[in-house]
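A.B. asks: following is a predicted model, sequence given first.
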Amino acid sequence: MLLSEFLSTNPYWPFGDGTTLKLPTPFSNMQGSRVVQCAYPVTCSGAEGLHENNRFNNKLKVSYRIKMYAYIDGKLVFKSPAYVIIEAGGIGYQINISLNTFSQLGSAEHCRLYVWLHVKEDAHTLYGFAGEGEKRLFLHLISVSGIGPNTARMMLSSITPEEIQTAIVKGNVSQIQRIKGIGPKSAQRVILELQDKLRKEGPDTLISLPASDTARDEALSALVMLGFARNAAEKVIDQEIKKTDDTLTVEQLIKSALKSL
């Protein structure tokens, strides 16, 4: 059953005040939001912590998300500064892009875009990025209250991802505020909510991934993707390498590092 079907057939949840409602696990991979009327104020916890829920009066807003595509690789049949069409497996995908991604595509006839699917009740929209770094920065931006996909894309089109990252880390409100559609309050909110996250991840983490040519690079990349701070992971990995004279495989290096992190 789809979450929309579940909610449409259960418009009222007759639970007492303070009751916690846990949605079924299959809903943990969905995306979107819906406000439903409840008989009493309730709280709602989603499967695996993926749901973000807001309670106001006796209404419950259930938000859910979907993870479906990592990237789309295929023939670039159309390109514009706003979107591209990539043919892959006989299907043409229309993908919204930023000017940053547009400039990196150049004259290529074949490309790979890292994508994110935005699901709404009336539309499913793909957003594509030339690199994983830009995609991760985009996801950080849309996690900020008041910043939607189109606003985040506007930000990535106005200045480079490097400039956005630097401005957030340094608390440069004026730099963020110069972007069309971003007022002083939004600029301050972006910095407030993302500054510590980007500092913790370390410089350049969002912009480029390690080349992964060595066991050290691959292990570091894996640990960062698992959520560990880049600086801390790098220090632990280097210590493990010194102890073993660089004889560990990637798997052994990650396991050894995890014991110390």
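C.D. replies: That came through fine. Numbers count the residues shown, from 1 in each chain.

A.B. asks: next SSE downstream of the longest strand anywhere in the chain?
C.D. replies: For the chain, the strand with the greatest residue count under DSSP state E is strand 110-120. Using DSSP states H and E, the helix or strand that follows strand 110-120 in sequence is strand 123-129.

A.B. asks: torsion angles phi and psi at I182?
C.D. replies: The phi/psi pair for I182 (degrees, to the nearest 10) reads phi -110, psi 110.

A.B. asks: please, where are all the helices along the stretch 151-261 of the chain?
C.D. replies: Secondary structure of the stretch 151-261 of the chain (DSSP state H, counting those that start in this stretch): helices at 161-170, 173-177, 184-201, 215-225, 230-244, 250-260.

A.B. asks: buried set for the fifth one?
C.D. replies: Neighbour-count burial for helix 230-244, with 16 or more other CB atoms under 10 Å as criterion, is recorded at R230, A232, A233, E234, V236, I237, E240, I241. Bear in mind the C-beta positions are built from the backbone N, C-alpha and C, glycine included.

A.B. asks: look up the closest residue to D73, ignoring the ones flanking it.
C.D. replies: Among residues not flanking D73 along the chain, R112 sits closest, at 4.1 Å (CB to CB, 6 or more residues apart in numbering).

A.B. asks: which residues touch the one you found?
C.D. replies: Applying CB atoms under 8 Å, 6 or more residues apart in numbering, we find R112 in contact with Y71, I72, D73.

A.B. asks: now S80
C.D. replies: S80 neighbours (CB under 8 Å, 6+ apart): F102.

A.B. asks: now do N172
C.D. replies: For N172, the contact set (CB under 8 Å, 6+ apart) comprises T166, I191.

A.B. asks: so it versus S186, what's the distance?
C.D. replies: Per CB to CB, to the nearest Å, N172 is found 14 Å from S186.

A.B. asks: angle of the longest strand of the chain against strand 123-129?
C.D. replies: Counting by axes from the mean of the first three to the mean of the last three CA atoms, to 10 degrees, strand 110-120 lies at 140 degrees to strand 123-129.

A.B. asks: could I get the buried residue list for strand 110-120?
C.D. replies: So strand 110-120, judged by 16+ other CB under 10 Å, has buried residues C111, R112, L113, Y114, V115, W116, H118.

A.B. asks: which two of these lie the greatest distance from each other?
C.D. replies: C111 and H118 (20.5 Å; CB to CB).

A.B. asks: pLDDT weak spots in the stretch 1-150 of the chain?
C.D. replies: Where the stretch 1-150 of the chain drops to pLDDT under 70, the residues are 1-67.

A.B. asks: mind listing the helices for it?
C.D. replies: Assigned by DSSP H, counting those that start in this stretch, the helices in the stretch 1-150 of the chain fall at 3-9, 99-105, 132-142, 149-158.

A.B. asks: among these, which is nearest D245?
C.D. replies: helix 132-142 (31.8 Å).

A.B. asks: just the C-alphas of that closest one, formatted as CSV.
C.D. replies: Only the C-alpha atoms of helix 132-142 are listed here, as CSV (Å, rounded to 0.1, in the frame of the first residue of the first chain):
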residue,chain,number,x,y,z
GLU,A,132,28.7,14.0,-6.2
GLY,A,133,30.1,17.0,-4.3
GLU,A,134,27.5,19.4,-5.8
LYS,A,135,24.7,16.9,-5.2
ARG,A,136,25.7,16.6,-1.5
LEU,A,137,25.8,20.4,-1.1
PHE,A,138,22.4,20.6,-2.8
LEU,A,139,21.0,18.1,-0.3
HIS,A,140,22.5,20.1,2.6
LEU,A,141,20.8,23.3,1.3
ILE,A,142,17.4,21.8,0.9
